[in-house]
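S.K.: one predicted model, sequence on top.
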Amino acid sequence: MKPRVQAIAAITLVFAMNTSLASAQLIAPKLSISTIATENLQVVGSNGVRGAAAAVLDENQLLLGGGQKGSHLYLFNLSTKSDQLLGRVIPASERINDARFAITDIAVLSKSATSANLLISYPSLRKNGNCVVVKLDSYQLTLGSKPTITKGKNWFTSKPCVPISAVQHAAGRLAVIDNKTTYLTVGDLGYPKIGSKSARGDLGSIFKVSASKIEKISTGHRNQQGIELISNDLYISEHGPRGGDELNLIKKGADYGWPIVTYGQAYSSGDYVRPTRAGTHDGFQLPLYNWVPSVAPTELVQLPATGKWGAWSSQLVMATLKEQALIFIQLSSKDKVGQVASVDVGDRIRDLELLPDGRLVATTDSGNLLLISGGQ
Ligand SMILES: [Ca+2]
């Protein structure tokens, strides 16, 4: 009997040590930020400005989607701090002069030394400019002394077409699954009929998309600006109406509740939709974490396992617009948030990506590119 008792005592001790480690307050990372001005890549429209969409091509090159017309794709060299125009993505006939209408995300499906297969998402005007859909198109990038892009197939076009007066946001974020498949977020686009299951169609959903197949994964989302796939677990950040911003772990077939429930509050009575029940999430898939008041979350990234991120290695980091901060989120298990720490960066972050060297790269609404290193 004695050895068995000792074994149990040893297990209890290990458990106690783990508990105390888990509850120890994590120190927020100290960020070192270098700023590169990229004003010509900033989207400038009748109603304000917007940072570029971003993807990492390799350790030295980014793909940035934006420019004054919000429609163009650029190759950005981190060594020379210079950009090259690759081409136009949103045709002039599918856009108006408004910063809401800009490339929403870029994904690299596969690449070689001389070329890459890309996906690009964007809101597109239809029916003589009266309504808006979210499109996902494939492109081939050819590298060399004069790099160019060639348009491929349309992979996805959302339905219904939403009246342009309603549109506030599109989401349109991408997380690559493999070299032929991606996840795509489609926001509610401010559609006044989003509360009607029969009318809302593709809006407020997450899809798994390939060139030949579209599968709806989840519904009840509002404006999913962040997406990160960790092994087979898909994490999403999304904007609530006024507060109630959420971090969600996506379960196939689940309804995340919008616009029936939200931890946030309704806007004024003139808003496009009033949630049926505010301040509660009962009856629907619960978020892993929520923010009241709102932080306005954008892209989610998993920090690398090694490097200078210390206790935050392998954890999530979420960019924000309103909060102008990076929010570090510890996952104590895949469906449980441990500690959360907000670190001010003093700028609205539109997109956030991880460079191969372990630094983060962010685009900001003020037209900057931020290169961000962590340290404890
Ligand atoms: Ca991106």
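M.R.: Looks like it came in fine.
S.K.: in contact with the residue nearest to K127 when sequence neighbours are not counted, which residues?
M.R.: In space, and not counting its chain neighbours, K127 is closest to C161: 6.3 Å by Cβ to Cβ, 6 or more residues apart in numbering. C-beta: built from backbone N, CA, C; applies to glycine. By Cβ atoms under 8 Å, 6 or more residues apart in numbering, the contact list for C161 reads R126, K127, N130, C131, V132, V133.
S.K.: now C161: how far from P123?
M.R.: Applying Cβ to Cβ, to the nearest Å, the value for C161 to P123 is 11 Å.
S.K.: identify the contacts common to these two.
M.R.: By Cβ under 8 Å, 6+ apart, the residues touching both C161 and P123 are V132, V133.
S.K.: name the residue of the stretch 151-300 of the chain that lies nearest to the ion.
M.R.: E299 (5.8 Å; Cβ to the ion).
S.K.: can I assume that residue sits in a strand?
M.R.: Yes. Counting by DSSP: H, G, I helix; E, B strand; the rest coil, E299 is found in a strand.
S.K.: mean confidence for stretch 255-266?
M.R.: Averaged across stretch 255-266, pLDDT comes to 94.
S.K.: now swap in stretch 204-224 and tell me
M.R.: Per-residue scores along stretch 204-224 average to 98.
S.K.: touching the ion at all, it?
M.R.: No. Residues of stretch 204-224 are not located near the ion by Cβ under 5 Å from the ion, the shortest gap being 12.8 Å.
S.K.: residue boundaries of the helices in this protein?
M.R.: 2-23, 197-200 (DSSP state H).
S.K.: can you pull the contacts of the spatially most central residue of the chain?
M.R.: By Cα atoms, centre = their mean, the mean C-alpha position of the chain lies nearest to G226, the distance being 2.1 Å. Listed by Cβ under 8 Å, 6+ apart, the contact set of G226 reads R173, Y235, I236, S237, E238, P297, T298, E299, L300, M318, A319.
S.K.: beta partners of the closest residue to the last one other than its chain neighbours?
M.R.: With Cβ to Cβ, 6+ apart as the criterion, A319 has its nearest non-adjacent residue at 3.7 Å, and that residue is I349. Under the criterion DSSP bridges, I349 forms beta bridges with T364.
S.K.: next: L370.
M.R.: Beta-bridge pairing for L370 (DSSP bridges): T35, A362.
S.K.: from memory it sits against A37, does it?
M.R.: No. Here L370 does not reach A37: they are 10.9 Å apart, not a contact under Cβ atoms under 8 Å.
S.K.: quick one: which of those two has more around it?
M.R.: L370 (23 against 12; other Cβ atoms under 10 Å).
S.K.: how near is that one to the ion?
M.R.: L370 sits 14 Å away from the ion, going by Cβ to the ion, to the nearest Å.
S.K.: and the pLDDT at the residue nearest to K127?
M.R.: 95.
S.K.: tell me where the stretch 251-376 of the chain has strands.
M.R.: 261-262, 277-278, 289-291, 297-302, 316-320, 325-333, 336-344, 349-354, 360-364, 368-373 (DSSP state E, counting those that start in this stretch).
S.K.: distance to D98 added to the ones you listed, as a markdown table?
M.R.: As requested, these are exported to a markdown table (distance: least, Cβ to Cβ, whole Å):
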| stretch | distance to D98 |
| --- | --- |
| strand 261-262 | 27 |
| strand 277-278 | 29 |
| strand 289-291 | 27 |
| strand 297-302 | 19 |
| strand 316-320 | 23 |
| strand 325-333 | 27 |
| strand 336-344 | 29 |
| strand 349-354 | 16 |
| strand 360-364 | 19 |
| strand 368-373 | 22 |
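S.K.: I206 is nearest to which of the ones you listed?
M.R.: strand 297-302 (13.3 Å; Cβ to Cβ).
S.K.: relative to Y183, how far out is whichever residue of the stretch 101-250 of the chain sits closest to the ion?
M.R.: Closest contact between the stretch 101-250 of the chain and the ion, by Cβ to the ion, is at D105 (4.9 Å). Counting by Cβ to Cβ, the gap from D105 to Y183 is 11 Å.
S.K.: can you check A92 too?
M.R.: In terms of Cβ to Cβ, A92 sits 29 Å off from Y183.
S.K.: for the protein, name the helix or strand with the lowest mean pLDDT.
M.R.: Taking mean pLDDT, DSSP states H and E as the measure, helix 2-23 is the helix or strand of the chain with the lowest mean score, a mean of 43.
S.K.: comparing D105 and Y183, which shows the higher neighbour count?
M.R.: Neighbours around D105 and Y183, counted as other Cβ under 10 Å, are more numerous at D105. The numbers are 26 against 23.
S.K.: and the more buried one, what's its pLDDT?
M.R.: For D105, the predicted pLDDT is 98.
S.K.: who touches it in this structure?
M.R.: A53, A55, G65, I120, S121, G172, R173, L174, D351.
S.K.: which residues touch stretch 81-88?
M.R.: By Cβ under 8 Å, 6+ apart, the list of residues contacting stretch 81-88 from outside reads 36, 38, 40-41, 63-64, 67, 71-77, 141, 147-149.
S.K.: of those, grab the buried ones for PyMOL.
M.R.: This is how PyMOL selects the buried members of the contacts of stretch 81-88, with burial counted by 16 or more other Cβ atoms under 10 Å:
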select buried, resi 38+41+63+64+67+71+72+73+74+75+76+141+147+149
